[in-house]
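Engineer: Got a sequence here, can you build the structure:
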Amino acid sequence: MTQAAATAPAPPAPVASTAPGSRGYRYVIEAAILLLQFCMGLSFLAVAPLFPPIIEAFGIDNATVSLLVGVQSLIVAIALVPASILAARLGSKWSLVLGGVLMGLTALAPFAESFTVLLATRVSFALGAAINLSATPAVIMRWFATRELAVVNGANVVAQSLGVMTSMLVGPRIAATLGWDGALCVFGVMALGASALWLLLGRDVEGALAEAAFSVRDLGVVLCDRTVVLLATGLAGALGAFISLQSWLPTYYHEQWAYTLEEAGGMTALLSFFGILGAVLGSALPVRLPRRRPFLIAGGLGIPLFAAGAIAMDVPLLLYPSVIMLGIAGWIFMPIVFTIPMEIRGMTGARVGIAVAIVLGAGNLAGFVVPLMVGALRDASGSFVLGLAIACALSLVLVACALAMPETGPVEGRRRERATG
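Structural biologist: Next comes the predicted model:
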């Protein structure tokens, strides 16, 4: 693996075309991307607080219904690298249009007469999300300066978190009126609307397709990069744990502590609400603390620590602070996860898309396996505790990988400049 390539600072990100006023257009681009990110978060875990009525509608068990979340993570994991290649060839505008339309097919949920058809709509959503996640990093690199990357990535993570929180809060309430399938349909229609807006506002940077041209060598370089491999491994542990908690805590609170679906969804929505604070901290604090690894370590340690309280303490004075801190810990490292690949030396638009695809692919693969494991252990043992405990322990992998990872933040770049000056 290439240690030097993993630690040197990235070259300045290209800015949009030289046409007058084009640099200011980056705010329009980011606003449209934020809406797509919000809609992606809106549908990603929308089924989680609706598991009980879906189980009743199709007569399935907990392990089977967990596939509605798990299969998304599996498909995203498999599709991310091919999607990054597709995005490099199509360009950002049409890639994000295609991704948004595929996400919007969740609107077909009312026509799902079997669980298999419903599952197919989640597969379509996952393919769209994979394209969205693959195309967005290259867009950000081209439109924003290096000093702005962490803040912009943080804003996008906040938008995703807002979407997840909204679905947890609003989904059960819409379902009470329109049914669980009506709630999913509403979220799908919103994704189609966001895609239409991007079609109107989206713009590729001049020369972006040439800069993003993909080659097999790009894939090999990224796969052999030490930072990418460690970041992917660490994220797999942390994301597998956090997706499991977000997926199963509503049902756990409903079954274990007799919360209503609305109450359980509202409680779990706190994870996403305070995840916004975590994402803000993860994008703002690096400006003051020009290092990346401390944020990965904080998240890896915080998830199991605060999840213990969220699982074991049905006392409001202890439960609410635990859920709040768990939400912060589960999101504080995500802006850094998107930023680190952009800071690796030699990253082009194509390579950064592949790097992010590999990292998120590993995380989403864990997001498929770990929630499924939790559901299967619940069916076998009659309790969620064992499965959730195992899931939370996996987040410590992020701590180990962060300690082994070379620093990529600005502080490392300044150190190298002094060494070579």
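Engineer: ok, Phe38 - contacts?
Structural biologist: 159-160, 162-163, 166, 194 (Cβ atoms under 8 Å, 6 or more residues apart in numbering). Quick note: C-beta positions are derived from backbone N, CA and C, even for glycine.
Engineer: Could you tell me which of the residues you listed belong to helices?
Structural biologist: Of these, the ones assigned to helices by DSSP state H are 159-160, 162-163, 166, 194.
Engineer: and these as JSON lines, adding distance to Leu230 and neighbour count?
Structural biologist: What follows is the ones in helices among the contacts of Phe38, written out as JSON lines (distance: Cβ to Cβ, whole Å; neighbours: other Cβ atoms under 10 Å):
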{"residue": "Ala159", "distance to Leu230": "27", "neighbour count": "22"}
{"residue": "Gln160", "distance to Leu230": "23", "neighbour count": "26"}
{"residue": "Leu162", "distance to Leu230": "29", "neighbour count": "20"}
{"residue": "Gly163", "distance to Leu230": "29", "neighbour count": "26"}
{"residue": "Thr166", "distance to Leu230": "33", "neighbour count": "19"}
{"residue": "Ala194", "distance to Leu230": "34", "neighbour count": "24"}
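Engineer: which one of the residues you listed sits closest to Val397?
Structural biologist: Using Cβ to Cβ, Gln160 is the member of those that lies nearest Val397, at 22.2 Å.
Engineer: ok, the closest one - contacts?
Structural biologist: Contacts of Gln160 by Cβ under 8 Å, 6+ apart are 37-38, 40-41, 44.
Engineer: of the residues you listed, closest to Ala284?
Structural biologist: Nearest to Ala284 among the contacts of Gln160, with distances taken as Cβ to Cβ, is Gln37, at 18.0 Å.
Engineer: what's the spacing between the closest one and Arg291?
Structural biologist: Distance of Gln37 to Arg291, computed by Cβ to Cβ, to the nearest Å: 26 Å.
Engineer: more crowded one of those two?
Structural biologist: Gln37 (24 against 15; other Cβ atoms under 10 Å).
Engineer: tally of neighbours for Val101?
Structural biologist: Neighbours of Val101 using other Cβ under 10 Å come to 17.
Engineer: does it belong to a helix or a strand, and which?
Structural biologist: helix 92-104 (DSSP states H and E).
Engineer: which residues are in contact with that helix?
Structural biologist: Helix 92-104 is contacted by residues 33, 36, 39-40, 43, 83, 86-87, 90, 124-125, 127-132, 134-136, 138-139, 142, 188-192, 194-195, 198-199, 202-204, 208 when judged by Cβ under 8 Å, 6+ apart.
Engineer: Buried only: go through these for me.
Structural biologist: The neighbour-count test (16 or more other Cβ atoms under 10 Å) marks 33, 36, 39-40, 43, 83, 86-87, 90, 124-125, 127-132, 134-136, 138-139, 142, 188, 190-192, 194-195, 198, 202-204, 208 as buried among the contacts of helix 92-104.
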